[in-house]
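Asker: got a sequence here, can you build the structure:
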Amino acid sequence: MSTKKGLPISSDNNTQGTSATSLASLLQHFPLMARRWLTTNTFVPPWLPANRYTQLTGYLATGVLQVLMAILVISYYSTPSFLEAPALLVVLLVSFGWGATTGITATLIGVVLIVFAVPATITSGPHVAENIVGLLLYTLLGLTVGLMASQTRRTHIQASMERKDAKTARYYLYDLLKQSPIPITVVQGPEHRLEFVSPHTQLIAGKRQLVGLPIHDAFPEYASQGIFELLDQVYTTGEPLTVRELRAETLHHGDGPLTSVEQYFNVVYQPLRTPQGTVDGAMIFNIDVTEQVRTHKQIELLMREREQERDQLHDVLIREQQLRTMAENATRQLQTVVEVLPVGVTIADASGRILLRNSATFRAWGEPMPETDAEAIVDYSRYRGWWATTGKLVATNEWGLARALAQGEVSLSEEIDIATFDGQHKTTLNFAAPILDDQGTITGGVAALLDITQRRHLERQTSEALQALLILAEACVSLPTRSEETGEVLSPALAFEVVSQRLVALIRSVLDCQRVSITIVDPRTQELRSVAAVGLSTEQEQQWRERRPGFHLSDQVSGNSIEAQFLAGNVVVVDMHEPPFAKQPNPYGISSMLLAPMRINTRLIGILA
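Answerer: Alright, predicted model coming up:
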């Protein structure tokens, strides 16, 4: 129960009111609905010409047929109650021909004929009730038969018209598809029978007959290419299918022999359906993309080739980088090796560009020596030298490296006196050779320079020393007997020291050295005893003369190469910065020392240092 404006209103009464309103609205619109239904289900037989009198013909046929049927029944049967069956037959015929209106009209005419044909039977007699029920049943049955026959016929006509319209529309569509610039094919049924083939499809197939044939027979070459399976899939599932770049090899039927044509298509399979929704075929759209595919493949091929070339180039670059690294490492190793060599080394390429010079070269030629870079070509005119044997100036093309690069000549131990860039004169030995590749081509050259200035100086000093030995011999033959300062008679030992002091002074002047000393070796104990020295300060000379007792020769030379040299009577040059002297005390600050053994026959009696 609900209230509105203070008054109780029953929900049941409201529902009844709504139902009554709906019923009233239905009764109000029933005539219009009935007229529309009758109009829809009233039609003209397709075998009659369509004009405005066709519907009237149906009504005339309805009345005439019912009357004739009643006359026939009454004429041949004594009992006219059998009239219902022929009347129903007429209702069925006219309902199929003209629809529901004529069927209802035929039923009503039949009722009238039955009533007027046997009026006494209906109004009197023992079967009055039965006849009335029969008449009612006839009426209901006639209306039902008429309506059902009309509806069935209407459905049949509509289906036929739809089929006709669909067929007309399809043929109209086919006319349009013939103008399409792409190959289009329409197939029907599970066999995929070709119903329509566009001119472009026919152009692909050549002169073979296609329309009306199953696609398996029309294109047997497709059987092994998987194309029919795609069509079966679309027909079975009813789902459209798009395939991109489908490869198809088609046998082209032309005037000559069959030719296989390879083509690529973007294909769209569109299922076709009946009005009831059943798949009964398919439409195939083919877009020829052969040129695009070939172009794409050509591009892919070119890209693969470029990729391979890029990979090869990458490998070459890596290999080149590895070789460059190896070359740089080799160059650094060569530089390291060359740098520690005591001879000057110069390396140039085939054009004469200087690639490498070590420090010994700069030391030999002096500073400032011409600098080198990647573009510098050696200028031999800036170097001054004279052949040691002739004193003739070395020409620019006579230097060993120039001859090696120009003629591939090897030069060995060429003695040249040079004027260095810092104003000195030196004597050098020069070596040069070309650098050849596997084919014998000159790719560069190498030159070496050995500074022999000291050796030549020593040779000159030795020559001068030989002259001095004659003087020394004379000095040693006549020992002084008296002191030159006091006139006192000297003992033999003191006379020997005087002679020794003269001797070291003479040797120093001849050899132009800093210090000279003579040390006597005791033949029995090998103990060293200082005799004479020159070039030392007073404190140093006193320290040298007062060397500790037990200072033996073996302590200095035993176990090294000097011992063997002394035993052989050879002169030895000692570098005090090298083992074994580097770790020994050096109070006199000696850098290098020449040691000459003093012997009588094979017996060592002293050392000249």
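
Asker: hang on, Ile114 packs against Ala87?
Answerer: Yes. Between Ile114 and Ala87 there is a contact at 7.0 Å, judged by C-beta atoms under 8 Å. Yep, even glycine has a C-beta here, placed from its N, CA and C like the rest.

Asker: between the two, what contacts are shared?
Answerer: Here Ile114 and Ala87 have Tyr138 as joint contacts, going by C-beta atoms under 8 Å, 6 or more residues apart in numbering.

Asker: now the strands for the stretch 501-609 of the chain?
Answerer: Per DSSP state E, counting those that start in this stretch, the stretch 501-609 of the chain has strands spanning 516-521, 528-534, 572-575, 592-600, 603-608. These are given in chain order.

Asker: and of those, who's closest to Ser180?
Answerer: Evaluated with C-beta to C-beta, the strands of the stretch 501-609 of the chain place strand 572-575 nearest to Ser180, the distance being 105.0 Å.

Asker: give me the neighbour count for Met369.
Answerer: For Met369, the neighbour count with other C-beta atoms under 10 Å is 17.

Asker: which SS class is it?
Answerer: Following DSSP: H, G, I helix; E, B strand; the rest coil, the label given to Met369 is coil.

Asker: which residues touch it?
Answerer: Counting by C-beta under 8 Å, 6+ apart, Met369 makes contact with Thr361, Phe362, Phe421.

Asker: just the buried members of these?
Answerer: Buried subset of those (neighbour count, 16 or more other C-beta atoms under 10 Å): Thr361, Phe421.

Asker: select from the contacts of Met369 every entry located in helices.
Answerer: Here DSSP state H is the test, and the contacts of Met369 give Thr361, Phe362 as lying in helices.

Asker: how about the contacts of Met369 in JSON lines, adding pLDDT?
Answerer: What follows is these, written out as JSON lines (pLDDT from 0 to 100):
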{"residue": "Thr361", "pLDDT": "88"}
{"residue": "Phe362", "pLDDT": "88"}
{"residue": "Phe421", "pLDDT": "89"}
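
Asker: show the subsequent helix or strand relative to the longest strand along the chain.
Answerer: In the chain, with assignment by DSSP state E, the single longest strand is strand 259-273. Per DSSP states H and E, the first helix or strand lying C-terminal to strand 259-273 is strand 279-288.

Asker: avg pLDDT for the helix or strand following that next one?
Answerer: Using DSSP H and E, the helix or strand that follows strand 279-288 in sequence is helix 290-340. The average pLDDT for helix 290-340 rounds to 86.

Asker: buried sites along whatever helix or strand comes next after helix 290-340?
Answerer: Remark: after helix 290-340, the chain's next helix or strand is strand 344-349, criterion DSSP H and E. The neighbour-count check on strand 344-349 (16+ other C-beta under 10 Å) flags Gly344, Val345, Thr346, Ile347, Ala348, Asp349 as buried.

Asker: out of those, flag the one nearest to Val504.
Answerer: For the buried residues of strand 344-349, the nearest to Val504 is Gly344 (36.8 Å; C-beta to C-beta).

Asker: contacts only, for the closest one.
Answerer: Arg357, Asn358, Ala360, Thr361, Phe362, Arg363, Ala364, Trp365, Ala448, Leu449, Leu450, Asp451 are the contacts of Gly344 under C-beta under 8 Å, 6+ apart.

Asker: are any of the residues you listed buried, and if so which?
Answerer: Arg357, Asn358, Ala360, Thr361, Ala364, Trp365, Ala448, Leu449, Leu450, Asp451.

Asker: how much space separates the fourth one from Asp451?
Answerer: The gap separating Thr361 from Asp451 is 10 Å, by C-beta to C-beta, to the nearest Å.

Asker: show me the shaky parts of the stretch 1-150 of the chain.
Answerer: When residues are selected by pLDDT under 70, those of the stretch 1-150 of the chain lie in 1-55, 73-84, 92, 95-97, 115-131, 133-135, 142, 146, 149-150.

Asker: now do Ala432, the pLDDT please.
Answerer: Ala432 is given a pLDDT of 93.

Asker: correct me, but it touches Ile416?
Answerer: No. Applying C-beta under 8 Å, one finds Ala432 not in contact with Ile416, separated by 11.5 Å.

Asker: just give me the neighbour total for the closest residue to Thr242 other than its chain neighbours.
Answerer: In space, and not counting its chain neighbours, Thr242 is closest to Val268: 5.2 Å by C-beta to C-beta, 6 or more residues apart in numbering. Using other C-beta under 10 Å, Val268 is surrounded by 17 other residues.

Asker: ok, Leu412 next?
Answerer: Neighbourhood size, Leu412 [other C-beta under 10 Å]: 11.

Asker: do the one 10 residues further on as well
Answerer: Using other C-beta under 10 Å, Asp422 has 10 neighbouring residues.

Asker: same check, this time on Thr325
Answerer: 10.

Asker: any idea how far it lies from Asp315?
Answerer: Using C-beta to C-beta, Thr325 is found at 15 Å from Asp315.

Asker: ditto for Val574
Answerer: From Val574 to Asp315 the distance is 59 Å (C-beta to C-beta).

Asker: using a markdown table, lay out the contacts of Gly344 together with distance to Val145.
Answerer: Listed next are the contacts of Gly344 as a markdown table, based on distance: C-beta to C-beta, whole Å:
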| residue | distance to Val145 |
| --- | --- |
| Arg357 | 129 |
| Asn358 | 130 |
| Ala360 | 135 |
| Thr361 | 133 |
| Phe362 | 134 |
| Arg363 | 138 |
| Ala364 | 139 |
| Trp365 | 138 |
| Ala448 | 134 |
| Leu449 | 137 |
| Leu450 | 140 |
| Asp451 | 142 |
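
Asker: re earlier: could the contacts of Met369 go into a markdown table alongside distance to Tyr380?
Answerer: Shown next, in a markdown table, are these (distance: C-beta to C-beta, whole Å):
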| residue | distance to Tyr380 |
| --- | --- |
| Thr361 | 14 |
| Phe362 | 17 |
| Phe421 | 14 |
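
Asker: nearest to Gln565 among the contacts of Met369?
Answerer: Nearest to Gln565 among the contacts of Met369, with distances taken as C-beta to C-beta, is Thr361, at 32.1 Å.

Asker: quick one, strands of the stretch 351-500 of the chain?
Answerer: Under DSSP E, counting those that start in this stretch, the stretch 351-500 of the chain gives strands at 354-357, 384-387, 411-419, 425-436, 442-451.

Asker: remind me what the longest one packs against, helices and strands.
Answerer: Helices and strands touching strand 425-436, by 3 or more C-beta pairs under 8 Å, 6 or more residues apart in numbering; DSSP states H and E, are helix 400-407, strand 411-419, strand 442-451, helix 453-477.

Asker: alright, that wraps it up for me.
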